[in-house]
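Quick one, fold the following:
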Amino acid sequence: MGRLKVTGIAGRFGARYGSSLRKKWKEIMEKRYSDVVCPFCKARVTMRRLSVGIWQCPKCETVFAGGAYTPTTEVGTQKAQQ
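Reported below is the predicted structural model:
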């Protein structure tokens, strides 16, 4: 028997679509469903995506703009620090 690999969230695709695409998709989806800190109530929760770039905190129910696949973007966090 060959070596087995942990595929994580992309395991549902099996051997389809190629390894490169499965790895990229896995990286994006792990970021999307990870816990992040809400910029308004400071709670660490999994944000709800309403539409592309529109996110909602399930705790305080604040709706805000973010990235397409992640609630915050690198550019947005850099502007907030300035």
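
Name the nearest residue to residue 40, sequence neighbours excluded.
residue 62 (4.6 Å; C-beta to C-beta, 6 or more residues apart in numbering). For the C-beta atoms, the positions are set from N, CA and C on the backbone; glycine is no exception.

If you average pLDDT per helix and strand, which one of this protein comes out bottom?
In the chain, no helix or strand scores lower on mean pLDDT, DSSP states H and E than helix 74-81, which sits at a mean of 71.

before we move on, the earlier item: list the contacts for the residue nearest to residue 40?
If a contact means C-beta atoms under 8 Å, 6 or more residues apart in numbering, then residue 62 has 38, 40, 41, 56 as its contacts.

Against residue 41, how distant is it?
From residue 62 across to residue 41, the span is 7 Å (C-beta to C-beta, to the nearest Å).

Please apply the same query to residue 31.
21 Å.

Repeat that for residue 11.
Computed as C-beta to C-beta, the residue 11 to residue 41 distance reads 34 Å.

For residue 1, give me the pLDDT.
pLDDT for residue 1: 50.

Residue 57: neighbouring residues, count only.
Around residue 57 there are 21 other residues, counting by other C-beta atoms under 10 Å.

Please disregard the earlier target; I meant residue 20.
Using other C-beta under 10 Å, residue 20 has 8 other residues around it.
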